[in-house]
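Undergrad: What follows is a predicted structure for the sequence shown.
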Amino acid sequence: MIDIELIRKNPQLVKENLKRKFQDKKLPLVDEIIELDIKKRALQQEGDNLRAQRNTLAKSIGQLMREGKKDEAEEAKALSKKNNERITVIESECSEIEGALKKAMMSIPNIIADDVPLGKDDSCNVQGKVFLEPKEKPFEVPYHVEILEKLAGVDLDSARRTSGNGFYYLTGDIARLHSAIITYARDFMIDKGFIYCIPPFMIRSDVVSGVMSFEEMEGMMYKIEGEDLYLIGTSEHSMIGRFMGQILPENSLPQTLTSYSPCFRKEKGAHGLEERGIYRIHQFEKQEMIVLCKPGESDYWYEKMWNYTVELFVSMEIPVRQLICCSGDLADLKYKSCDIEAWSPRQKKYFEVGSCSNLTDAQARRLDIKYKRADGKNEFVHTLNNTVVAPPRMLIAFLENHLQADGSVYIPEVLRKYMGGKDKISPKN
């Protein structure tokens, strides 16, 4: 949510931002917000004047009664009663306007960065830097489910029986590799100075509406029937929610946190072969990084965070690239965002394995997260999040890039201590 002061002072900037995000249908909302805001402030001023008059009348009634001016006192009482009735109406109207104003404000996207490329959808995203040169395999790389099955590492049929499509059992050395990658990512971020956290895996609706737009919530999150609880789609949700309604000391910033959680997503829609298996699923695990910082520091942390993910993948000898998200591909709360994509030797193209976002103060305004400056004033923090690693999808890149001609999978040096010293996973009979 943006600052309403920006809409008051520079509505044209807000409208231009909507156009850059190809959300022209929301343009009338800007004028609607201005009208609602003017009406609300006029009512509030009227209410303040009536309350002041009510206080003055209360004092005068006693004085008039003491002076024996009963008729004038009764007139003052009647006026005071009339004022009270009007104040009640004003409070009711203000409450209704505030609800409409908040709903409209929540629909206005964050102002995006000047360097975000213009484009209507993800087809207009722009390649950034490339890290490690992809290597051609001298053999055909099988579909990732075939690789997993030959390694006795997955059971999709049983998962369909117990849970339905979009679920999986990982087994044996593959399950161990999954855990090894998560544990390595945890230690990697701790070594970078991040504090390790395990957050709640369910959050209330006021947290959900604070960290994401309604459209995103409907498309992603599972609601717990009969309770005001949702399963998290990423630990960013509960990690940012942790600071809801707080005023942080300036010397506590930046807050640099890394969190582990399972994640639950609806993942609606039909998908091609390569996005089946364990690529697009309803449940997975992830190591995340979250930063809360002062406004002037968020650009610095954005660059630092996505580069940490690159460093992690490069240390596991997996080629990756940065993909800069265009204006139309940014979720409403994002100021700027980029994906980290890993190379697929099978498809001979890159695919998404993580995403880094700077949300400036959009989440902090919704959740009322501030810090106290040295001058005593309170200011909203900036929030950022980034995927360290999400193993099920990352496993595909790992298996394809490290698959050997004999069907075995090479284990890079950095993971071997988490794999009991193994340097490869071999096919099973």
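TA: Okay, I see it.
Undergrad: Helix or strand next in line after the lowest-mean-pLDDT helix or strand in the chain, which one?
TA: When the helices and strands of the chain are scored by mean pLDDT, DSSP states H and E, helix 214-220 comes last with a mean of 73. Per DSSP states H and E, the first helix or strand lying C-terminal to helix 214-220 is strand 222-223.
Undergrad: hang on, the earlier thing: can you give me the buried ones in the least confident helix or strand of the chain?
TA: 217, 220 (16 or more other Cβ atoms under 10 Å). Any C-beta I mention is one placed from the backbone N, CA and C, and that applies to glycine too.
Undergrad: What is the distance between that helix and the centre of its chain?
TA: Relative to its chain's centre, helix 214-220 lies at 11 Å (Cα atoms, centre = their mean, to the nearest Å).
Undergrad: so what does that helix touch, helix or strand wise?
TA: Helices and strands touching helix 214-220, as assessed by 3 or more Cβ pairs under 8 Å, 6 or more residues apart in numbering; DSSP states H and E, are absent.
Undergrad: quick one: low-confidence ranges for the stretch 251-400 of the chain?
TA: Residue ranges of the stretch 251-400 of the chain with pLDDT under 70: 268-276.
Undergrad: Identify all contacting residues around the least confident helix or strand of the chain.
TA: With contact meaning Cβ atoms under 8 Å, 6 or more residues apart in numbering, helix 214-220 is reached by 106, 208-209, 212, 230, 233, 265-266, 268, 331-332.
Undergrad: Neighbours of residue 374, how many?
TA: Neighbour count for residue 374, taken as other Cβ atoms under 10 Å: 7.
Undergrad: contacting residues for it?
TA: By Cβ under 8 Å, 6+ apart, the contact set of residue 374 is residue 250.
Undergrad: Phi and psi next, for it.
TA: The phi/psi pair for residue 374 (degrees, to the nearest 10) reads phi -60, psi -30.
Undergrad: sorry, back to before: so which of the contacts of helix 214-220 are in strands?
TA: The strands, defined by DSSP state E, take in residue 230 from these.
Undergrad: Now flag whichever of the contacts of helix 214-220 is closest to residue 147.
TA: Proximity of the contacts of helix 214-220 to residue 147 was ranked by Cβ to Cβ; the top entry is residue 265 with 24.0 Å.
Undergrad: ok, now how distant is the closest one from residue 231?
TA: Counting by Cβ to Cβ, to the nearest Å, the gap from residue 265 to residue 231 is 9 Å.
Undergrad: okay, and the common contacts of these two?
TA: With Cβ under 8 Å, 6+ apart, residue 265 and residue 231 have common neighbours residue 221.
Undergrad: if I read this right, residue 194 contacts residue 255, doesn't it?
TA: No - contact criterion Cβ atoms under 8 Å: residue 194 and residue 255 do not qualify, at 9.6 Å.
Undergrad: Would you tell me which helix is longest in the chain?
TA: Longest among the helix segments of the chain by residue count, using DSSP state H, is helix 27-66.
Undergrad: So which elements touch it?
TA: helix 4-9, helix 11-20, helix 70-107.
Undergrad: Which of the three states applies to the residue of the chain most remote from its centre?
TA: What lies farthest from the middle of the chain is residue 68; by Cα atoms, centre = their mean that is 67.6 Å. Three-state assignment for residue 68 (DSSP: H, G, I helix; E, B strand; the rest coil): coil.
Undergrad: give me phi/psi at it?
TA: Per degrees, to the nearest 10, the backbone of residue 68 is at phi 80, psi 10.
Undergrad: give me the element residue 127 is part of.
TA: Using DSSP H and E, residue 127 sits in strand 126-131.
Undergrad: Give me the next element, helix or strand, following that strand.
TA: Following strand 126-131 in sequence, per DSSP H and E, is helix 144-150.
Undergrad: Distance from the helix or strand just after that following helix to the middle of the chain?
TA: Next helix or strand after helix 144-150 toward the C-terminus (DSSP H and E): strand 154-155. How far strand 154-155 lies from its chain's middle: 31 Å, per Cα atoms, centre = their mean.
Undergrad: What pairs with strand 154-155, parallel or antiparallel?
TA: Here strand 154-155 is paired, per DSSP bridges, with strand 169-170 (antiparallel).
Undergrad: Figure out how far the partner strand is from the centre of its chain.
TA: Averaging C-alpha positions (Cα atoms, centre = their mean) puts strand 169-170 28 Å from its chain's average.
Undergrad: could you measure the residue nearest to residue 18 when sequence neighbours are not counted against residue 107, distance?
TA: Closest residue to residue 18 apart from its sequence neighbours, by Cβ to Cβ, 6 or more residues apart in numbering: residue 26 at 5.2 Å. Applying Cβ to Cβ, the value for residue 26 to residue 107 is 6 Å.
Undergrad: between the two, who's got more neighbours?
TA: residue 26 (19 against 16).
Undergrad: where does the more buried one land on pLDDT?
TA: You'll see residue 26 listed with a pLDDT of 96.
Undergrad: Could you pull up the contacting residues of it?
TA: Counting by Cβ under 8 Å, 6+ apart, residue 26 touches 18, 107-109.
Undergrad: and what of residue 180?
TA: Here residue 180 is in contact with 415, 418-419 (criterion: Cβ under 8 Å, 6+ apart).
Undergrad: and what of residue 265?
TA: Residue 265 touches 220-221, 233, 281-282, counting by Cβ under 8 Å, 6+ apart.
Undergrad: run the last query once more with 10 Å
TA: 166, 219-222, 231-234, 280-284 (Cβ atoms under 10 Å, 6 or more residues apart in numbering).
Undergrad: Then residue 329?
TA: For residue 329, the contacting residues are 21-22, 116-117, 119-125, 323, 337, 339, by Cβ under 10 Å, 6+ apart.
Undergrad: Need the buried ones from those residues selected in ChimeraX.
TA: Buried subset of the contacts of residue 329, written as a ChimeraX selection, criterion 16+ other Cβ under 10 Å:
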select :21,116,119,125,323,337,339
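Undergrad: Fine by me, thanks again.
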